[in-house]
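Undergrad: Provide a 3D model corresponding to the input given below.
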Amino acid sequence: MSVSYQKIILPTRPQTDTIVAIFLLKKFGKEKYPGIEKAKIEILNNLPENETSESFFEKGFFLIDVGGGKFDHHFKNTTASYLIAEDLKITDDPSINKLLNYAERDDKYGLGTISSDPIDKAFGLSAIITNFNKILPQNPQQIVELILPIIHAHYKEENRRFKELPEEFEQKLKENKAEIFTGKQGKKKLKVVAIESDNPSIVGWLRSVEGQKADIVIQKTSSNHINILTRPLKKIDLRPLIVLIRKEELICRNQKIDLPIFVLIKSGRIPQVPQWYYDRATNSIQNGGLNPQGTSPTVISLEKIKEFTKEGLNRPSPSNFQRENFNSNFL
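TA: Model (predicted):
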């Protein structure tokens with residue numbers, strides 16, 4: 001006879017390790033443990049006489065860290081969350097690696113938050129769990145319900161990075177909606193990725209070690225907005241590129257405005273070309289950014305932007321922002 005699980009039993013108040021274990025159970029254990037996704041949390045320090053972990057499981061009570069059963073990590077050199085992951089055969093899933101490491105670090109070493117900064121410690125997840133336990137000592141169910149969405153959000157982003165985004169990028173390459181090319185600025189060889197995608201996470205992934213380690217990402221959305229973002233550590237000079245882009249925008253819109261370089265090169269937005277924002281703080285050139293409301297899409301094609309990127313990286317940069325030092329031959 002199949003068992004339907006109505007309760008998850010903990011020996012004490014919810015802790016980082018047991019909450020991660022509960023998340024894994026509810027997310028991945030629904031087929032193996034029917035009903036577990038709706039199971040309520042209860043505290044039981046010790047099993048009653050004449051009861052065992054097996055008898056509890058047969059009644060639909062899932063024991064974590066109590067009763068000496070399969071998922072009691074006490075006297076084992078592991079964590080409850082790892083035992084659950086092992087049981088569900090998901091230990092190789094890179095999307096949960098940080099969760100398992102975080103649970104182990106918190107449970108074994110009391111280092112849920114490594115930073116010694118008092119603000120970091122106060123607002124770290126481990127401290128928040130501790131605070132909830134103090135103000136809701138009789139309500140473990142509410143504590144778990146408050147923390148699970150945070151863990152789920154982390155998992156969703158990790159799954160996006162390790163599964164969804166790589167798959168999307170490979171598909172875009174096959175559809176010729178993504179391209180990898182090389183640029184050069186001085187002695188720096190730069191990896192550039194251009195992609196057509198509405199995914200707000202794709203740029204961060206493409207620049208990451210897990211992704212393409214791109215130095216520059218050009219993203220075109222379905223609304224025809226184009227944004228150019230860089231890896232800050234590379235200190236790429238985008239000034240020649242913003243000059244080329246702003247000048248081309250004026251030409252494509254048939255606006256016969258001859259702006260000097262010291263205007264075209266300005267950071268922020270210039271009134272003559274409001275479609276483009278040059279952000280020196282993030283070292284990016286944005287045609288609306290993630291939320292382009294109020295910013296009209298560029299009329300420059302993606303192919304032209306890619307050409308300008310290659311060309312702009314190779315162009316000489318002005319030595320400073322003083323008007324008298326700009327050379328009209330720059331263009």
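Undergrad: Would you map out the domains in this structure?
TA: As given by automatic domain parsing, the domain ranges for the chain are 7-159, 176-330.
Undergrad: Compare the ones you listed and say which comes out lowest on pLDDT.
TA: For the domains of the chain, mean pLDDT drops lowest on domain 176-330, to a mean of 90.
Undergrad: gap between F123 and Y109?
TA: According to CB to CB, to the nearest Å, F123 stands 20 Å off from Y109. Heads up, the C-betas are built off the backbone N, CA and C, glycines and all.
Undergrad: oh, I was asking about I8
TA: From I8 over to Y109 the distance is 25 Å, taken as CB to CB.
Undergrad: Those two: which has the busier surroundings?
TA: The residue with more neighbours, out of I8 and Y109, is I8; 24 against 9, by other CB atoms under 10 Å.
Undergrad: give the contact list for that one.
TA: Contact analysis of I8 by CB atoms under 8 Å, 6 or more residues apart in numbering lists 22, 25, 36, 39-42, 61-62, 64.
Undergrad: Relative to F262, how far out is it?
TA: The gap separating I8 from F262 is 66 Å, by CB to CB.
Undergrad: And the helices in this structure?
TA: Per DSSP state H, the chain carries helices over the ranges 16-28, 53-58, 80-87, 97-109, 118-123, 125-135, 140-159, 165-174, 202-207, 239-252, 261-264, 302-314.
Undergrad: you'd agree D237 is up against G183?
TA: No - D237 lies out of contact with G183 (CB atoms under 8 Å); the separation is 11.6 Å.
Undergrad: Pick out whichever of the contacts of I8 sits closest to L241.
TA: I22 (49.5 Å; CB to CB).
Undergrad: which residues touch that closest one?
TA: The neighbours of I22, taking CB under 8 Å, 6+ apart as the test, are 8, 14, 41, 64, 144, 148.
Undergrad: Let me see the contact set for the closest residue to L111 other than its chain neighbours.
TA: The shortest distance from L111 to any non-neighbouring residue, by CB to CB, 6 or more residues apart in numbering, is to R105 (4.9 Å). Counting by CB under 8 Å, 6+ apart, R105 makes contact with 111-112, 114.
Undergrad: End to end on stretch 172-186, go ahead and measure it.
TA: One end of stretch 172-186 to the other measures 31 Å (CA to CA, to the nearest Å).
Undergrad: right, I mislabeled it, should have said stretch 226-239
TA: Stretch 226-239: ends 17 Å apart by CA to CA.
Undergrad: ditto for stretch 40-51
TA: Terminal residues of stretch 40-51 are spaced 20 Å apart (CA to CA).
Undergrad: What residues sit buried inside that stretch?
TA: For stretch 40-51, burial by neighbour count (16 or more other CB atoms under 10 Å) applies to 41, 44, 47.
Undergrad: Using JSON lines, lay out those together with distance to K163.
TA: Shown next, in JSON lines, are those (distance: CB to CB, whole Å):
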{"residue": "I41", "distance to K163": "29"}
{"residue": "L44", "distance to K163": "37"}
{"residue": "L47", "distance to K163": "39"}
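Undergrad: What is the nearest of those to L290?
TA: I41 (37.1 Å).
Undergrad: how close does L136 get to G29?
TA: L136 sits 25 Å away from G29, going by CB to CB.
Undergrad: Among these two, which residue is more densely surrounded?
TA: More neighbours surround G29 than the other of L136 and G29, with 21 against 15 (other CB under 10 Å).
Undergrad: Let me see the backbone angles for the more buried one.
TA: Dihedral pair for G29: phi -100, psi 10, per degrees, to the nearest 10.
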